[in-house]
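**Student:** Provide a 3D model corresponding to the input given below.
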Amino acid sequence: MKKFKSIIRILLAIVSAGLFLWFLLPMAKRIICVGNVVGVLFTAFVFCRCVFYKYFQKLKEKWLMGGFKMVLYRIIQVCIALFLLYGVVISGLMAFFTLQKPEPNSTIITLGAMVRPDGSPSGSLNRRVQACYEYLIENENSKAVLSGGQGSNEPMSEAQCMYDILVKKGISKDRLFIEDKSTNTDSNLINSYKIIEKNNLSENIAIATDGYHQLRARIIANRQGKSGKVGAVNAKPISSVIVTYWVREWFAIPVELLK
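**Tutor:** Alright, predicted model coming up:
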């Protein structure tokens, strides 16, 4: 049994070290959010707990035997276990909603992302536009609502940037609708639905965004109470940041559900 536990600790140490570096990598690019902060702290703790197992055992025996401290220790253990269970469940739901294929020739709502100061799309925006482009090519009767306003550090609206890219790629202008007032996913979808209704576009929706964002976008779309079906068109993921943004959604989704 002791040998088995030792093997488990070694495996956990290796996995946690790998995940630690995976969470840490985006920080080198100045991408810092609750996803990688929590990820770095948690994986560092797991790694230390496995590598310095004997030290933690002595500390536990010295400081946590009986009384209030032990009760608090058990409560913390239960909270960590529940959080990990929540992460598994919510990750399963997130993965499920990336697989929801849209109806053919749905109206594709493409959610914006940052435009660089030189007017070029950020990596995230470029991938979302590419996903939109591929869907439009495959569905010749589909039209797109390009949704995203202009931030204080952006030279143009995100919607305009997407529009310019798609036109250069050969998509007809009459298939593209600009929604350039939005500042978040809520307003993206609210304003996009107004354009869909005004122009009598298909009420079946395809949402083009990153896969980790699909569940939250679907929650917001359902809150709008529209009758059409909603499907996912996923931008290709970037391996260096996907785990960071995936964990960030664990915290963002409950906030969305409470609105």
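**Student:** tell me where this protein has strands.
**Tutor:** Per DSSP state E, the chain carries strands over the ranges 107-111, 144-147, 176-179, 205-210, 230-235.
**Student:** so what are the sheet partners of the second one and their directions?
**Tutor:** Under the criterion DSSP bridges, strand 144-147 sits next to strand 107-111 (parallel), strand 176-179 (parallel) in its sheet.
**Student:** which strands and helices sit next to the helix-or-strand element of the chain with minimal mean pLDDT?
**Tutor:** Counting by mean pLDDT, DSSP states H and E, the weakest-scoring helix or strand in the chain turns out to be helix 53-63, with a mean of 75. Judged by 3 or more C-beta pairs under 8 Å, 6 or more residues apart in numbering; DSSP states H and E, helix 53-63 is in contact with no other helix or strand. Every residue, glycine included, has its C-beta placed from N, CA and C.
**Student:** re earlier: which one, of the strands of the chain, ends up nearest to Leu99?
**Tutor:** strand 230-235 (7.2 Å; C-beta to C-beta).
**Student:** between strand 107-111 and that closest one, find me the angle.
**Tutor:** Orientation of strand 230-235 against strand 107-111 (axes from the mean of the first three to the mean of the last three C-alpha atoms, to 10 degrees) gives an angle of 50 degrees.
**Student:** would you list the strands paired with strand 144-147 in JSON lines and tack on mean pLDDT, distance to Leu85 and mean neighbour count?
**Tutor:** Shown next, in JSON lines, are the strands paired with strand 144-147 (pLDDT from 0 to 100; distance: least, C-beta to C-beta, whole Å; neighbours: other C-beta atoms under 10 Å):
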{"stretch": "strand 107-111", "mean pLDDT": "97", "distance to Leu85": "30", "mean neighbour count": "28"}
{"stretch": "strand 176-179", "mean pLDDT": "97", "distance to Leu85": "38", "mean neighbour count": "21"}
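**Student:** residues near Ala81, how many?
**Tutor:** Using other C-beta atoms under 10 Å, the number of residues around Ala81 comes to 10.
**Student:** the longest helix in this structure is where?
**Tutor:** helix 67-98 (DSSP state H).
**Student:** pull out the buried positions in it.
**Tutor:** 90-91, 94, 97-98 (16 or more other C-beta atoms under 10 Å).
**Student:** give me the nearest residue to the spatially most central residue of the chain, chain neighbours excluded.
**Tutor:** The centre of the chain sits closest to Tyr212, judged by C-alpha atoms, centre = their mean, with a distance of 3.3 Å. Ranked by C-beta to C-beta, 6 or more residues apart in numbering and with sequence neighbours excluded, the top spatial neighbour of Tyr212 is Trp246, at 4.7 Å.
**Student:** that neighbour contacts Met94, correct?
**Tutor:** Yes - taking contacts as C-beta atoms under 8 Å, Trp246 lies within contact range of Met94: 7.1 Å.
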